[in-house]
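Asks: Build me a model:
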Amino acid sequence: MTPALDTASLLASAGLTGALPPEILSVAFGWAVSDRESEAAALYDHVALLRPKKQMRAYWPLALTAGKTGEEWATAALKRTDLHINHLQFDEAHRLLAGITAPEFGAHVLTGQARLALGTGAAAHALTLSSQAHTLATGSSYAAIIHAAALLANERTQDAIAPLKAAAKDGRMGAWFLLGLSYQRLQRPVEAANAYRQAYAFDPEDFGPANNLFSALLEARKYKDVLSHADTLLAARPGHTTSLAYKHIALGELGYARDLAALSDMTLLGRETLPVPAAYANRAAFHRALADEIAREPTLAYQRNTTRFGYQTDDMGFAHTPALQALNAALSDAVRRRADAARADPTHPFHQSAPGDFRLYSWGVILKEKGFQAPHFHPHGWLSGVYYIEVPPEISEADPARAGWIEFGRGDERWNRKTTAMPITQLRPEEGLLVTFPSFFWHNTRPLQTDRARISFAFDVIPVETP
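Replies: Okay, here's the model as predicted:
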């Protein structure tokens, strides 16, 4: 038997200390196809066990060695495939699946291919593949879950219930989670909440079903249950962004004004004017460069995420163009000041969760006429913010509609009873202004009433866990 490798030393020697899972998986795949199998297996094991699940107690190490039985070898390859799909590495997943040629694993390969098709947006093809796999492997709860996921992707929600119930009886957390999603689509929030609770019970450290439980409880108008659930999660993870955000909604709907004001304290809003980087003659030149670099970004897409009637880029935290690099550096400096101040005076749950290290996830937004941001919060961040690059003159104090202004406090209208008036704070954008706020703050923008573009650069502060 090959002795176990020291994973920490292996990561260090490969320059992967502190690396994110996708980077580690890329190296692991490269080693696996370059006759460095034992080292590749150690990296795959490391990524697979970063967030161990209860159901992984019977976990097989992800090594593709000659000493394994055919079933063990295929299972390890399929688990590697799952890891790559989870991290959007579809080429690697496809190559691994192509290497499993034994006919007795045909149903497993079809299931993996269906997952891959779902990951790449080929919903109809995924349904064809998953139907075949589900027929071949009638007793496989995993095949049933992937088939149900394909049904959901093809808007066949009611048809997904039966295979999910069957898989749930086998104790599959994923089945309960998808049942919750299905019941929510069918507007059966009480059943959705019960399904999410079952999923959460499998692994209280997995906040996926715990987070979805909030929306189901709100749809069922169970506001006190929302508070209880939020406090349970906050006890386990102080400062948990999603719990704080949904607690805000519940406090408002219950009329607990004092507690709401203490939680969503508007003094936590930060406002400052960023200095112009030395490489630019003035702010106008800096902003022209920023607007040009955002407009030329290949990921700029119409109505991405919460952007309506406007354009938004993907992550530009690692942008290589000069103006955006300068802006990201200035934003990082501003974040460090806020984090240092928060740690020095931890008077709020937001302060208490200030990260020691972080990275910026940032993106550009171009809103046109009628453009706006729908109410939302930023679940993966600690602090969020927006820097204003171009602000049309029509966005003014004189406008009673406050078109183009940013608002704080308004949650998703699905959960807001007509009798409830949530307190709202509005801020007018100004070119050069940086507004920062806790990521759990609900916020939106008022629709534009001009054909001139409103250009901004938003960001989340993503805490980085240090070993």
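Asks: which stretches of this structure have low pLDDT?
Replies: Counting by pLDDT under 70, the chain contains low-confidence ranges at 1-4, 51-73, 465-467.
Asks: Would you map the strands across it?
Replies: Along the chain, the stretches classed as strands by DSSP state E are 270-273, 301-302, 307-312, 358-373, 383-390, 406-408, 425-427, 433-438, 443-445, 454-463.
Asks: of the ones you listed, which approaches A220 most closely?
Replies: strand 443-445 (23.9 Å; Cβ to Cβ). C-beta here means a position set from N, CA and C on the backbone, and glycine is covered the same way.
Asks: Can you name every helix or strand that the closest one contacts?
Replies: In this structure, strand 443-445 packs against strand 358-373, strand 406-408, with contacts taken as 3 or more Cβ pairs under 8 Å, 6 or more residues apart in numbering; DSSP states H and E.
Asks: Show me the contact partners of the last one.
Replies: Read that as strand 406-408. Residues outside strand 406-408 that contact it (Cβ atoms under 8 Å, 6 or more residues apart in numbering): 264, 266, 269, 373, 386, 424-427, 429, 435, 437, 441-446.
Asks: Of these, keep whichever come out buried.
Replies: Buried members of those, counted by 16 or more other Cβ atoms under 10 Å: 264, 269, 373, 386, 427, 429, 435, 437, 441-446.
Asks: hang on, the earlier thing: list just the one of the strands of the chain that sits closest to W31.
Replies: strand 358-373 (25.8 Å).
Asks: Tell me which strands that closest one pairs with, and in which orientation.
Replies: With DSSP bridges as the test, strand 358-373 is paired with strand 307-312 (antiparallel), strand 454-463 (antiparallel).
Asks: got the buried residues for the shortest one?
Replies: It refers to strand 307-312. Residues of strand 307-312 classed as buried by neighbour count (16+ other Cβ under 10 Å): T307, R308, G310, Y311, Q312.
Asks: With respect to T120, which of the residues you listed is nearest?
Replies: Q312 (21.5 Å).
Asks: Show me the beta-bridge partners of that closest one.
Replies: Applying DSSP bridges, one finds that Q312 bridges with A301, V365.
Asks: Quick check, it in contact with L367.
Replies: No: if you go by Cβ atoms under 8 Å, Q312 and L367 don't touch, sitting 9.2 Å apart.
Asks: mind putting the strands of the chain in CSV, distance to L49 included?
Replies: Shown next, in CSV, are these (distance: least, Cβ to Cβ, whole Å):
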stretch, distance to L49
strand 270-273, 39
strand 301-302, 35
strand 307-312, 35
strand 358-373, 23
strand 383-390, 30
strand 406-408, 40
strand 425-427, 44
strand 433-438, 32
strand 443-445, 37
strand 454-463, 21
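Asks: So for this structure, the centremost residue is which one?
Replies: Centroid-nearest residue in the chain, with Cα atoms, centre = their mean: H380, separated by 6.0 Å.
Asks: how much space between it and A354?
Replies: 16 Å (Cβ to Cβ, to the nearest Å).
Asks: The chain - how does it break down into domains?
Replies: Following automatic domain parsing, one finds the domains of the chain at 7-201, 267-463.
Asks: picking that back up, format the helices and strands packed on strand 443-445 as CSV; extra columns: distance to P204.
Replies: Shown next, in CSV, are those (distance: least, Cβ to Cβ, whole Å):
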stretch, distance to P204
strand 358-373, 26
strand 406-408, 31
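Asks: residues near F459, how many?
Replies: Residues near F459, counting by other Cβ atoms under 10 Å, number 27.
Asks: Look up the closest residue to it, ignoring the ones flanking it.
Replies: Sequence neighbours aside, S362 is the residue nearest to F459 in space, at 3.7 Å (criterion: Cβ to Cβ, 6 or more residues apart in numbering).
Asks: List the contacts of the one you found.
Replies: Contacts for S362 (Cβ under 8 Å, 6+ apart) come out as D315, M316, G317, A319, N328, L331, F457, A458, F459, D460.
Asks: how about 7 Å then?
Replies: D315, M316, G317, N328, F457, A458, F459 (Cβ atoms under 7 Å, 6 or more residues apart in numbering).
Asks: same thing with F214?
Replies: Contacts for F214 were tallied using Cβ under 7 Å, 6+ apart; they are V226, H229, T242, Y246.
Asks: For E253, state which of these is nearest.
Replies: Nearest member of the contacts of F214 to E253, counting by Cβ to Cβ, is V226, at 8.5 Å.
Asks: where's A175 relative to L269, distance?
Replies: 42 Å.
Asks: right, and the helices and strands packed on strand 443-445 - which one's nearest S26?
Replies: strand 358-373 (18.1 Å).
Asks: orientation of that closest one relative to strand 383-390 in degrees?
Replies: If you take axes from the mean of the first three to the mean of the last three Cα atoms, to 10 degrees, strand 358-373 sits at 60 degrees to strand 383-390.
Asks: Could you give me the buried positions within strand 358-373?
Replies: Those would be 358-367, 371-373, for strand 358-373 by 16+ other Cβ under 10 Å.
Asks: Tell me how many other residues crowd T299.
Replies: Neighbour tally, T299, other Cβ under 10 Å: 12.
Asks: brain fart, G30
Replies: Around G30 there are 13 residues (other Cβ under 10 Å).
Asks: got the contact list for F441?
Replies: Counting by Cβ under 7 Å, 6+ apart, F441 makes contact with S264, F377, F408.
Asks: where does the closest residue to the last one other than its chain neighbours sit relative to A144, distance-wise?
Replies: It stands for F408. Leaving aside its sequence neighbours, F408 sits nearest to T425 (Cβ to Cβ, 6+ apart; 4.5 Å). Computed as Cβ to Cβ, the T425 to A144 distance reads 48 Å.
Asks: One more: K224?
Replies: 35 Å.
Asks: got it, and F90?
Replies: F90 is 23 Å from A144, by Cβ to Cβ.
Asks: quick one, which of those two is more surrounded?
Replies: A144 (28 against 15).
Asks: Test my guess that that one contacts A166.
Replies: Yes: if you go by Cβ atoms under 7 Å, A144 and A166 touch, sitting 5.7 Å apart.
Asks: which neighbours do these two share?
Replies: In contact with both A144 and A166: no residue, using Cβ under 7 Å, 6+ apart.
Asks: Distance of L11 relative to I462?
Replies: Using Cβ to Cβ, L11 is found at 21 Å from I462.
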